[in-house]
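Novice: Okay, structure incoming, though there's no sequence with it:
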């Protein structure tokens, strides 16, 4: 499952992370800017990768994004069970700690025991990455991977 900031600009970092993790299936959101379209475009152009895009129904109110995140996790869990695949969260994080869909996805993935990998944007300080590691570690996380992109 792939998630990221609306202000993410580093396509090369996302492409490198996707090459390293070699996902067979990418589940991404549908935000028209930032990390979502980058993840989707890279997956779309990969012969080895299936793309599933989950849309948030914003007519249902402000909680639509978080509801979509829960649907993305449920879809990844279903695929994990049905196809015997290993699920993880690959995130492109801008360091925002409040009202962050990216953090919500990371939290949800860590709560079900998935590995998470996080790219850090230019505004993210080392102490932010340390905070993220501490924040998610108590959620059954095994060996988090933090990838600074600077």
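Specialist: Thanks, I have the structure now. The shown structure was predicted, so the numbers you read here are calculated from the model rather than taken from an experiment.

Novice: Now residue 89. Nearest residue, chain neighbours left out?
Specialist: residue 109 (3.6 Å; Cβ to Cβ, 6 or more residues apart in numbering). Placement of C-beta: from N, CA and C, glycine included.

Novice: Average pLDDT for the helix or strand hosting residue 72, rounded please.
Specialist: Using DSSP states H and E, residue 72 sits within helix 64-83. Averaged across helix 64-83, the pLDDT comes to 92.

Novice: who's in contact with it?
Specialist: 1, 3, 25, 27-29, 52, 54-58, 60, 85-87, 101, 104-105, 108-109, 112, 114 (Cβ atoms under 8 Å, 6 or more residues apart in numbering).

Novice: buried set for stretch 124-135?
Specialist: Within stretch 124-135, the residues scored as buried using 16 or more other Cβ atoms under 10 Å are 124, 128, 129, 132.

Novice: how far away is the last one from residue 62?
Specialist: The span separating residue 132 from residue 62 equals 24 Å under the rule Cβ to Cβ, to the nearest Å.

Novice: Can you tell me the SS state at the residue located most distally from the centre of the chain?
Specialist: Farthest-out residue of the chain from its mean C-alpha position, per Cα atoms, centre = their mean: residue 59, at 23.4 Å. Assigned with DSSP: H, G, I helix; E, B strand; the rest coil, residue 59 falls in the helix class.
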